[in-house]
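1. Test case, fold it:
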Amino acid sequence: MIMLFLNSSFGQKRKMSFERLKALKMSYITEKIGLNAADEPLFWEIYDRYEMRIYVDCRKKIKNLRRTYMKSRDSISNNEALEVIQKINELEQYALRLKEERDKSLLKKFSANLILEMHRAEYHFNRDMVYKMKKKDDFKK
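-> Numbers count the residues shown, from 1 in each chain. You can find the predicted model right below:
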C-alpha cells in the first residue's frame with residue numbers, strides 16, 4: 001500500500017507554487033546581478049513588495065478572468081468577450097505601472113546598471129522557465 005501511495009503521489013502533476021517560483025527567481029536574479037550581502041535585503045524588500053502586488057492585483061485576476069472565459073467560451077457573447085479583453089488589458093497596464101514604480105523605488109537605492117541587469121536576469125529567468133516547461137511537456141508526449 002505504501003508503494004501504491006508513493007507512486008500515485010509522485011505521478012501527479014504538480015504546479016509550482018508562487019512561493020517556490022519566487023525563491024527560484026530570487027536566487028537566479030541574485031546570482032546574475034551580483035548583489036552583495038549588504039544590499040540584498042534592501043533590494044529584495046523593495047522588489048518583493050511590488051512583485052506581490054503584481055501577483056495579487058494583476059496576475060491572479062487575469063488568471064481568473066481567463067479561467068472564467070474558458071468555462072463559458074461557447075456561450076459568451078461578443079460584447080462579453082470584449083469586456084474580458086478590456087479587463088485583461090487594464091490589468092496588464094496596471095502591472096506595467098507597478099513595475100515602473102518598482103524600478104523608480106530601486107533606482108533611489110541602486111544604480112541604473114544594476115536595475116538593467118535585473119531586467120535582463122528576469123527576462124532570462126522567464127525564458128529559461130518556459131523552455132524547461134516546454135521540454136518537460138515534450139518529454140511527456
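
2. Give me the residue at the spatial middle of the chain.
-> Central residue of the chain (Cα atoms, centre = their mean): Y55, 7.0 Å from the mean position.

3. List the contacts of it.
-> The contact partners of Y55, taken as Cβ atoms under 8 Å, 6 or more residues apart in numbering, are F18. Heads up, the C-betas are built off the backbone N, CA and C, glycines and all.

4. That one and K135, how far apart?
-> From Y55 across to K135, the span is 25 Å (Cβ to Cβ, to the nearest Å).

5. Which residue ranges of the chain form helices?
-> All helices of the chain, identified by DSSP state H, fall at 2-11, 18-33, 40-54, 60-72, 78-107, 112-140.

6. Include mean pLDDT and mean neighbour count when you put those into CSV, please.
-> Formatted as CSV, those follow (pLDDT from 0 to 100; neighbours: other Cβ atoms under 10 Å):
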stretch, mean pLDDT, mean neighbour count
helix 2-11, 40, 8
helix 18-33, 88, 15
helix 40-54, 95, 16
helix 60-72, 91, 13
helix 78-107, 96, 14
helix 112-140, 85, 12
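
7. Against N79, how distant is the residue nearest to the centre of the chain?
-> Applying Cβ to Cβ to Y55 and N79 gives a distance of 29 Å.

8. What does R73 show for phi and psi?
-> Main-chain dihedrals, R73, degrees, to the nearest 10: phi -60, psi -20.

9. oh sorry, the question was meant for A38
-> phi -70, psi -40.

10. cool, D74 as well?
-> phi -80, psi -20.

11. and the nearest residue to L107 once chain neighbours are set aside, what is it in contact with?
-> Spatially, and ignoring its direct neighbours in sequence, L107 is nearest to I115 (6.0 Å; Cβ to Cβ, 6 or more residues apart in numbering). Neighbouring residues of I115 by Cβ under 8 Å, 6+ apart: D103, L106, L107.
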